[in-house]
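S.K.: Dropping a prediction and its sequence here:
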Amino acid sequence: MGWQEGYCGLAREADYAVSTAPTHYLPVKDFTVEEQTGRVVVGPWGTSVPEPRLASLIVRGQFQFEPQPDPFGLVLTGLLGVPRTTTVTSGVYQHVFEPRGDRPSYSLEGAVGDLAVRAVGAKFPSLTIAAPVGGFLQAMAEFVAREMRTVGMATASYAAEEAATWNNTTLTLSGTAEPLAVGVSVSIQAPLVPLEAYGSGRRIAALLPSGPIGPGVALTIFGQTSAWLSYARAETELSLRVLATGALVGGSSYSLTIDCPRLRAGSAMVLSQVRVHPVAVGQFSVFASPAAVRGVSVTLVNITAGY
């Protein structure tokens, strides 16, 4: 089931898959959730006709939302783990997210009209952050959960920065501003594998990390230059920083910084024509660095004391 408007509420669970009412809400553009059934085919003794039987249930979904500075930290915590938090000024905090093992679970609730459902025991295997030129940040998160329940409608209460506060985005490559960049998105994959166990009532018993966390970058450059065409052939190593800043808060500003200290073009740049404008589109692979564990570091400045 999916919908185009409504609310998305989430709450960190004290214990895995213990249903918790939403504590934070995000303006959602699209929310989709599906309960998938796994079946096995058995042949009862003395019969010749196979019989399908329910073996397991799992919930999967995704939602597209505006990453407001304070509740966005909950999604980043679910994806990358609990951040390192320091105080910037009184009432303003900096949170540094890097891939860690302590990834909590969440109760994730979506609603429209008079119907609300809650995905319990949810974790995030992927997140994509897009920063359009002159626009607000957009994010898309996927989730996997233990079960889905219908619940009563909640009254959504958004953070004080209800309107998107990201009003300026800059991009630098290898420490230098790239004036011809017209689009960038960063996707972070944090694979999960469901653990099926006896006594779990056909539900998954846990969601476990499955393989390394791997970010990827898509970058669109206006124009076509030989330098960009040579990056893949020469395996040129670059660094990337995406910085989005927003409204003033406590003598500082809301900000989101994505750092990828090491990346290379994963394939030759693809040249295309958008209306009458030529562009080059590149997909980049990101590598580990002492400055960013497993390739990516996300820094969020807001007024939340901790996650």
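M.R.: Received, thanks.
S.K.: Which residue ranges of the stretch 1-150 of the chain form strands?
M.R.: Applying DSSP state E, counting those that start in this stretch to the stretch 1-150 of the chain gives strands spanning 2-3, 7-12, 24-42, 51-65, 84-89, 92-97, 106-112, 115-130, 138-145, 147-151.
S.K.: just so I know, which of those strands lies nearest V281?
M.R.: strand 115-130 (13.7 Å; CB to CB). Placement of C-beta: from N, CA and C, glycine included.
S.K.: can you list the weak-confidence ranges in the stretch 1-150 of the chain?
M.R.: 1-5, 39, 44, 54-55, 112-113 (pLDDT under 70).
S.K.: Can you get me a residue count around R84?
M.R.: 11 (other CB atoms under 10 Å).
S.K.: Equivalent analysis for V151, please.
M.R.: Neighbour count of V151, defined by other CB under 10 Å: 18.
S.K.: if you compare the strands of the stretch 1-150 of the chain, which one is most tucked away?
M.R.: Most buried of the strands of the stretch 1-150 of the chain, by mean neighbour count (mean count of other CB atoms under 10 Å): strand 106-112, with a mean of 25.
S.K.: Using CSV, write out every CA atom in that one.
M.R.: Coordinates of each C-alpha in strand 106-112 appear next as CSV, following Å, rounded to 0.1, in the frame of the first residue of the first chain:
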residue,chain,number,x,y,z
TYR,A,106,12.4,1.9,15.2
SER,A,107,8.6,1.8,15.1
LEU,A,108,7.7,3.5,11.9
GLU,A,109,4.2,4.8,11.3
GLY,A,110,2.5,6.1,8.2
ALA,A,111,-1.0,7.4,7.7
VAL,A,112,-3.4,9.0,5.3
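S.K.: what packs against it?
M.R.: In terms of contacts (3 or more CB pairs under 8 Å, 6 or more residues apart in numbering; DSSP states H and E), strand 106-112 is packed against strand 7-12, strand 24-42, strand 115-130, strand 138-145.
S.K.: Any chance of a markdown table for these, columns distance to L208?
M.R.: Shown next, in a markdown table, are the helices and strands packed on strand 106-112 (distance: least, CB to CB, whole Å):
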| stretch | distance to L208 |
| --- | --- |
| strand 7-12 | 18 |
| strand 24-42 | 17 |
| strand 115-130 | 10 |
| strand 138-145 | 11 |
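S.K.: before we move on, back to that, now distance to R202 too, for the strands of the stretch 1-150 of the chain, in TSV please.
M.R.: Shown next, in TSV, are the strands of the stretch 1-150 of the chain (distance: least, CB to CB, whole Å):
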stretch	distance to R202
strand 2-3	25
strand 7-12	25
strand 24-42	9
strand 51-65	5
strand 84-89	39
strand 92-97	34
strand 106-112	20
strand 115-130	14
strand 138-145	14
strand 147-151	10
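S.K.: Ok, which of those strands comes nearest T169?
M.R.: Of all these, strand 115-130 comes closest under CB to CB, at 10.2 Å.
S.K.: mind saving the C-alpha coords of that closest one as CSV?
M.R.: Only the C-alpha atoms of strand 115-130 are listed here, as CSV (Å, rounded to 0.1, in the frame of the first residue of the first chain):
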residue,chain,number,x,y,z
LEU,A,115,-6.0,4.6,7.9
ALA,A,116,-2.7,4.3,9.8
VAL,A,117,-0.2,1.4,10.0
ARG,A,118,2.9,0.9,12.1
ALA,A,119,5.9,-1.1,11.0
VAL,A,120,7.5,-2.6,14.2
GLY,A,121,11.1,-3.6,14.5
ALA,A,122,12.2,-1.4,11.5
LYS,A,123,15.7,-0.8,10.4
PHE,A,124,17.1,1.1,7.4
PRO,A,125,19.2,-0.7,4.8
SER,A,126,19.6,2.3,2.5
LEU,A,127,19.3,6.1,2.3
THR,A,128,19.6,8.5,-0.7
ILE,A,129,20.1,12.2,-0.2
ALA,A,130,19.7,14.5,-3.2
